[in-house]
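S.K.: Quick check, what structure comes out for this input:
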Amino acid sequence: MDTAPLSDIRVLEFGHYIAGPFCGQILADQGADVIKVEPPEGDASRGTETLSYNDVYFHALNRNKRSVMLDLKTGAGQEALVTLLRSADVVVTNYAVGIPERLGFGYERVKEVNPGLVYVHASGFGNDSPYAKRPAFDGIIQAMSGLVHLTGEPDGTPMQAGLFVPDHVTGLYAALAVMFGLSRRRGTGEGSFTDLSMLDSMMSLLGPCLAEVLQLGVSPTRVGSKVRRSYAGTYPAADGHVYMAPMTLRMWTALAGVVDAPELLPYFTGTAADTRLEHRADLDRVIEAWTGAHTVDEIVARMGEVGVPCSPIFSVERLVDDPHVRHRRMVRSIPLESGPGEVFVPGSPLPVVEKAFAAGPPSIGEHTAEILDPDPSGAT
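M.R.: Numbers count the residues shown, from 1 in each chain. As a prediction, the model looks like this:
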């Protein structure tokens with residue numbers, strides 16, 4: 001990246017766990033000076049054991065940032081906070097509702113110190129929600145947003161997703177809110193406040209589900225490894241599973257030819273004559289009889305020859321060794337915060353500053369002196 005888009009932007013991140021730090025990581029990757037403002041004990045999600053699960057997760061979300069340690073429960077901490085706020089362009093926090101006000105960096109206060117600040121507060125339900133004071137971790141939002149209800153086998157237990165989806169989606173929206181706020185400030189000179197809710201963020205992914213419920217009288221339910229309202233899904237192979245999506249008439253015809261099952265053809269003869277979903281169980285049995293007798297590689301190759309979208313179901317172990325992943329540098333490494341060594345982390349889907357993966361996370365308060373007293377002589 002020749003010119004970092006955010007090279008002149010300073011971000012104060014009052015963040016812990018995932019959503020706030022993920023937002024800060026996105027901004028740091030674009031050249032922002034992201035300063036983690038941490039209590040004396042540090043971010044609650046810091047790992048206590050090198051290369052433990054928590055430690056590597058912390059590394060994945062906090063590389064290439066700086067850290068200032070402040071005890072905001074003291075007068076000295078509050079004085080230093082004012083200094084930081086005056087120097088900042090952005091404040092991002094995912095602390096629980098009420099905590100920023102209690103610790104002296106609620107929006108009303110920081111607006112008095114620096115009216116041009118772009119402030120984003122991500123929480124479970126938002127500051128003005130009837131649920132504002134409820135604790136909300138990722139799993140709570142998965143449960144409330146419909147994600148758990150819609151995930152799993154039709155007659156099975158509702159299931160959580162295998163990744164922390166609400167936390168990361170909210171972090172993405174927070175980064176967008178920062179960019180929109182900075183754009184607005186360039187035009188008006190004014191700061192802004194975004195009250196971001198994890199539940200709202202997840203509801204934005206529901207697509208047609210609201211209209212289905214409120215207007216069509218349809219209750220969306222779990223479909224297991226299939227795709228709702230599309231003829232696509234997961235099929236067993238002799239040595240694993242594949243995902244196939246014979247969405248168009250041409251693809252369906254090609255699939256029927258590969259599996260040597262002309263009896264599939266009458267169920268899809270045109271856009272207005274597609275009855276496959278009504279007979280899905282019977283049709284899938286025919287397809288599965290063929291896929292179950294062939295290996296994953298054989299199925300993917302045969303479907304590729306006739307233009308039917310098909311893929312293996314990758315484990316993470318297989319994903320990291322995939323040619324696309326290697327070519328696009330989506331597996332990167334960064335230095336360990338605690339000493340010699342490295343940690344593997346996901347790459348970025350966006351172009352990033354050159355130093356994005358050159359620095360690991362900061363230690364607690366590592367940059368306090370250089371940020372609050374930038375003159376090495378100590379002169380004021």
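S.K.: Please confirm that Met144 is located within a helix.
M.R.: Yes - assessed with DSSP: H, G, I helix; E, B strand; the rest coil, Met144 lies in a helix.
S.K.: The closest residue to it other than its chain neighbours: helix or strand, and which one exactly?
M.R.: Here the nearest residue to Met144 in space, its sequence neighbours aside, is Leu199; by CB to CB, 6 or more residues apart in numbering that works out to 5.8 Å. C-beta here means a position set from N, CA and C on the backbone, and glycine is covered the same way. Using DSSP states H and E, Leu199 sits in helix 198-203.
S.K.: Show me what that helix is packed against.
M.R.: helix 138-145, helix 165-188 (3 or more CB pairs under 8 Å, 6 or more residues apart in numbering; DSSP states H and E).
S.K.: need the strands for the protein, in chain order.
M.R.: For the chain, the strands defined by DSSP state E cover 10-14, 33-38, 66-69, 90-93, 118-123, 192-197, 226-227, 230-237, 240-244, 268-270, 273-274, 310-312, 331-335, 342-346.
S.K.: Which of these sits closest to Arg285?
M.R.: Closest approach to Arg285 among the strands of the chain is made by strand 230-237 (10.7 Å; CB to CB).
S.K.: List the buried residues in that closest one.
M.R.: The neighbour-count check on strand 230-237 (16 or more other CB atoms under 10 Å) flags Tyr231, Ala232, Gly233, Thr234, Tyr235, Ala237 as buried.
S.K.: list the contacts for Leu283?
M.R.: Applying CB atoms under 8 Å, 6 or more residues apart in numbering to Leu283 gives the contacts Leu264, Tyr267, Arg276.
S.K.: Among these, name the buried ones.
M.R.: Leu264, Tyr267, Arg276.
S.K.: Give me the distance between Glu342 and Val56.
M.R.: 11 Å (CB to CB, to the nearest Å).
S.K.: about what we covered before: out of the buried residues of strand 230-237, who's nearest Ser333?
M.R.: Thr234 (32.2 Å).
S.K.: Could you measure from the nearest residue to that closest one once chain neighbours are set aside over to His241?
M.R.: Counting by CB to CB, 6+ apart, Thr234 lies nearest to Ser225, which is 3.6 Å off, once chain neighbours are set aside. Distance of Ser225 to His241, computed by CB to CB: 8 Å.
S.K.: okay, now Leu61: neighbour count?
M.R.: 25 (other CB atoms under 10 Å).
S.K.: pretty sure it is touching Pro21, no?
M.R.: Yes - look at Leu61 against Pro21 with CB atoms under 8 Å: they come within range, at 4.1 Å.
S.K.: which neighbours do these two share?
M.R.: Ser45.
S.K.: Run a quick neighbour tally on Ala359.
M.R.: Neighbour number of Ala359 under other CB under 10 Å is 15.
S.K.: Spit out the contact partners of it.
M.R.: Arg63, Asn64, Ile334, Pro335.
S.K.: any idea how far it is from Ala245?
M.R.: For Ala359, the distance to Ala245 - CB to CB - is 41 Å.
S.K.: Next: Pro21.
M.R.: Distance from Pro21 to Ala245, by CB to CB: 35 Å.
S.K.: okay, the two: which has more neighbours?
M.R.: Pro21 (28 against 16).
S.K.: measure the closest residue to Ala132 other than its chain neighbours to Ser129 for me?
M.R.: In this structure, Ala132 finds its nearest non-sequential neighbour in Val97, 4.6 Å apart by CB to CB, 6+ apart. Separation of Val97 from Ser129 (CB to CB): 8 Å.
S.K.: So which of these two has more stuff around it?
M.R.: Val97 (20 against 17).
S.K.: Looks like the more buried one contacts Tyr131 (just checking).
M.R.: No - counting by CB under 8 Å, Val97 stays clear of Tyr131, with 9.4 Å between them.
S.K.: For those two, list the residues in contact with both.
M.R.: With CB under 8 Å, 6+ apart as the test, Val97 and Tyr131 both reach Phe125.
S.K.: I'd like to know how many residues surround Pro115.
M.R.: Neighbour tally, Pro115, other CB under 10 Å: 10.
S.K.: Contact partners for the closest residue to Ser45 other than its chain neighbours?
M.R.: Sequence neighbours aside, Tyr17 is the residue nearest to Ser45 in space, at 4.8 Å (criterion: CB to CB, 6+ apart). Contact analysis of Tyr17 by CB under 8 Å, 6+ apart lists Ala44, Ser45, Asn94, Phe137, Asp167.
S.K.: Of the residues you listed - the most surrounded one?
M.R.: Result: Asn94 is most packed of the contacts of Tyr17 (other CB under 10 Å), 28 neighbours.
S.K.: Give me the pLDDT value at the residue nearest to Tyr231 when sequence neighbours are not counted.
M.R.: Distance criterion CB to CB, 6+ apart; nearest residue to Tyr231, sequence neighbours excluded, is Arg276 at 4.8 Å. Listed pLDDT for Arg276 reads 97.
S.K.: Thought Pro266 was touching Arg276, still the case?
M.R.: No - counting by CB under 8 Å, Arg276 sits too far from Pro266 to count as a contact (10.2 Å).
S.K.: if we can go back for a sec, which one, of the helices and strands packed on helix 198-203, ends up nearest to Ala28?
M.R.: Closest among these, once you apply CB to CB, is helix 165-188, at 10.4 Å.
S.K.: residues contacting Thr151?
M.R.: Contacts of Thr151 by CB under 8 Å, 6+ apart are Pro158, Met159, Gln160, Ala161, Arg222.
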